[in-house]
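**Student:** mind looking at a prediction? Sequence and model below.
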Amino acid sequence: QQQVKQSPQSLIVQKGGISIINCAYENTAFDYFPWYQQFPGKGPALLIAIRPDVSEKKEGRFTISFNKSAKQFSLHIMDSQPGDSATYFCAASFFTGGGNKLTFGTGTQLKVEL
Amino acid sequence: DAGITQSPRHKVTETGTPVTLRCHQTENHRYMYWYRQDPGHGLRLIHYSYGVKDTDKGEVSDGYSVSRSKTEDFLLTLESATSSQTSVYFCAISGGLARANTGELFFGEGSRLTVL
């Protein structure tokens, strides 16, 4: 059961362009939606995150857009750079006594070409 | 860096042998997690711990066991490894008491396991 669906699986963007990755979730109990960035041979690292009471969050060139009624959220990377080439994972969680059990999407491999 | 060390980083073993992966943290965080990463599946939670000797199952726990006898160490054991357990395993920790109720996890660099 895939509770967080992510698309596209891979994405090629020209330098300076906008990269857009989309995710949809099913469980309305989720209350925290982070995006992780992963470079080859490394562990995922938190990039940006949003809570459902906010429709948009921007940090530098990275923006999360959140649509609670549609149960969808997306990552926009403005002015994409070759250094942004990585795998991106959306995720969702809700806190329980057992901690933050993140449910991840399947990942998007982004390549930014010169 | 979040002070997480995984060992071994690479291991090749044969079907039916036991394997133990170790996660060591220096951050004194309460929560620790083991995920596996496979193409087309993203990261999936195997087991997690919310304190010393307090552990519970994740979504793909079959064939795995864990132990946490000290705050800093979380062990993942494959009692009898199978080829389907060939994967990259990541340990993660929650980020401090102030952020214990967020999704902010810090990940180790992974342990690549190949079961022949």
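**Tutor:** Cool, got the structure.
**Student:** how about stretch A:69-81: buried residues?
**Tutor:** A:71, A:73-77, A:80 (16 or more other Cβ atoms under 10 Å in any protein chain shown). Glycine gets a C-beta too; all of them are placed from N, C-alpha and C.
**Student:** these in strands, which ones?
**Tutor:** Members of those lying in strands (criterion: DSSP state E): A:73-77.
**Student:** out of the residues you listed, flag the one nearest to residue B:81.
**Tutor:** Closest approach to residue B:81 among those (Cβ to Cβ): residue A:75, at 35.9 Å.
**Student:** might you report the residue contacts of the closest one?
**Tutor:** Contact analysis of residue A:75 by Cβ atoms under 8 Å, 6 or more residues apart in numbering or on different chains lists A:19-21, A:23, A:35, A:47-48, A:62-64, A:88, A:90.
**Student:** quick check on these: which are buried?
**Tutor:** Burial by neighbour count, 16+ other Cβ under 10 Å: within these this picks out A:19-21, A:23, A:35, A:47-48, A:62-64, A:88, A:90.
**Student:** out of the contacts of residue A:75, who's nearest chain B?
**Tutor:** Nearest to chain B among these: residue A:90, at 9.0 Å, using Cβ to the nearest Cβ.
**Student:** and stretch A:29-37, is it in reach of chain B?
**Tutor:** Yes - for stretch A:29-37, a contact with chain B is found by Cβ under 8 Å from any Cβ of the partner chain, at A:32-34.
**Student:** tell me which of these has the lowest pLDDT.
**Tutor:** Within the set of the residues of stretch A:29-37 next to chain B, pLDDT is lowest for residue A:32 (89).
**Student:** for chain A, which residues are neighbours of chain B?
**Tutor:** So far as Cβ under 8 Å from any Cβ goes, chain A lies against chain B at A:6, A:32-34, A:41-46, A:49, A:89, A:91-93, A:95, A:97-107.
**Student:** for residue A:22, which non-adjacent residue is spatially closest?
**Tutor:** residue A:74 (4.7 Å; Cβ to Cβ, 6 or more residues apart in numbering or on different chains).
**Student:** next one: residue B:9
**Tutor:** residue B:111 (5.8 Å).
**Student:** does that neighbour have beta-bridge partners, and which?
**Tutor:** Using DSSP bridges, the bridge partners assigned to residue B:111 are residue B:89.
**Student:** next up, the contacts around it.
**Tutor:** Applying Cβ under 8 Å, 6+ apart to residue B:111 gives the contacts B:6-11, B:21, B:88-90.
**Student:** what does the average pLDDT come to for stretch A:70-86?
**Tutor:** Across stretch A:70-86, pLDDT averages out at 98.
**Student:** that stretch: end-to-end distance?
**Tutor:** The first and final residues of stretch A:70-86 sit 27 Å from each other (Cα to Cα, to the nearest Å).
**Student:** could you point out which element follows the helix or strand of chain A with the lowest mean pLDDT?
**Tutor:** Across the helices and strands of chain A, the lowest-confidence element by mean pLDDT, DSSP states H and E is strand A:95-96, at a mean of 73. Moving toward the C-terminus from strand A:95-96, the next helix or strand (DSSP states H and E) is strand A:99-100.
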